[in-house]
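[1] next come a sequence and a model predicted from it.
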Amino acid sequence: MEKSNILIAFDDSENAMRAVRYVARWFSPQCKLTIFNVIVDTAALCDMESPELVPIFKSKQSQFCSLENKKRELVNNAINEAAGLLKEAGFPEENIHIKQQVKQKGVARDILAEASKGYDLIVMGRRGISAVRDFFLGSTSHKVFSGARDISVLIVN
């Protein structure tokens, strides 16, 4: 797939990193790559100062927010690691783009919306965040695969 425009759906999971390693190994360095991360906006709760907030949450808000900040730091570190891995594999820096956006419609729908902006392929890991969450809500990779109409999806195991 030379000169393709590839969207790599990414979170800080090992499966997402495995997808990056797959791209690094099997795709031409001439491909344009976008490492795309959807930020689940629970961090907006940290900025809330509403009197309606439940007192128990208010008392734990600073602890919750410090966890959210740590999670963002982990995601950003993982994205930088992924970009570094691609550079080491020979992808020029100008062909590697990082895009993060706050969740708008849902992680899978946001990935599909981004993919509709001119990408040739979506690459993602089989599972990301949590097997328990996937069991109850369905995996993001399954939702992207099922929802993709005019674009190919490569799910890396």
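    That came through, no problem.
[2] only C-alpha atoms for contact and neighbour calcs from this point on.
    Will do.
[3] so what's the residue count around Asn5?
    19 (other C-alpha atoms under 10 Å).
[4] that one and Ile35 touch, don't they?
    No - if you go by C-alpha atoms under 8 Å, Asn5 and Ile35 don't touch, sitting 11.2 Å apart.
[5] now Gly90. Its backbone dihedrals?
    phi 110, psi 0 (degrees, to the nearest 10).
[6] I meant to write Pro29 there.
    Pro29 adopts backbone torsions of phi -60, psi -10, taken as degrees, to the nearest 10.
[7] against Phe145, how distant is it?
    From Pro29 across to Phe145, the span is 25 Å (C-alpha to C-alpha, to the nearest Å).
[8] so which of those two has more stuff around it?
    More crowded of Pro29 and Phe145, by other C-alpha under 10 Å: Pro29, with 22 against 19.
[9] need the nearest residue in space to the more buried one, chain neighbours excluded.
    Phe91 (4.3 Å; C-alpha to C-alpha, 6 or more residues apart in numbering).
[10] let me see the contact set for the one you found.
    Contacts for Phe91 (C-alpha atoms under 8 Å, 6 or more residues apart in numbering) come out as 24, 28-31.
[11] cool, and Tyr119?
    If you count contacts by C-alpha under 8 Å, 6+ apart, then Tyr119 has 4-7, 151 around it.
[12] wait, doesn't Phe145 sit right on Val153?
    Yes - between Phe145 and Val153 a contact is recorded at 6.1 Å, counting by C-alpha under 8 Å.
[13] dump the contacts of Tyr119 into TSV; add pLDDT as well.
    Compiled in TSV, the contacts of Tyr119 are given as follows (pLDDT from 0 to 100):
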residue	pLDDT
Ser4	95
Asn5	98
Ile6	98
Leu7	98
Ile151	96
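[14] need the buried ones from those residues selected in ChimeraX.
    Command for ChimeraX, covering only those of those found buried under the criterion 16 or more other C-alpha atoms under 10 Å:
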select :4,5,6,7,151
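[15] go through the contacts of Tyr119 and flag which are in strands.
    In this view, the contacts of Tyr119 that belong to strands under DSSP state E are 5-7.
[16] lowest-pLDDT helix or strand in the protein?
    helix 131-137 (a mean of 49; mean pLDDT, DSSP states H and E).
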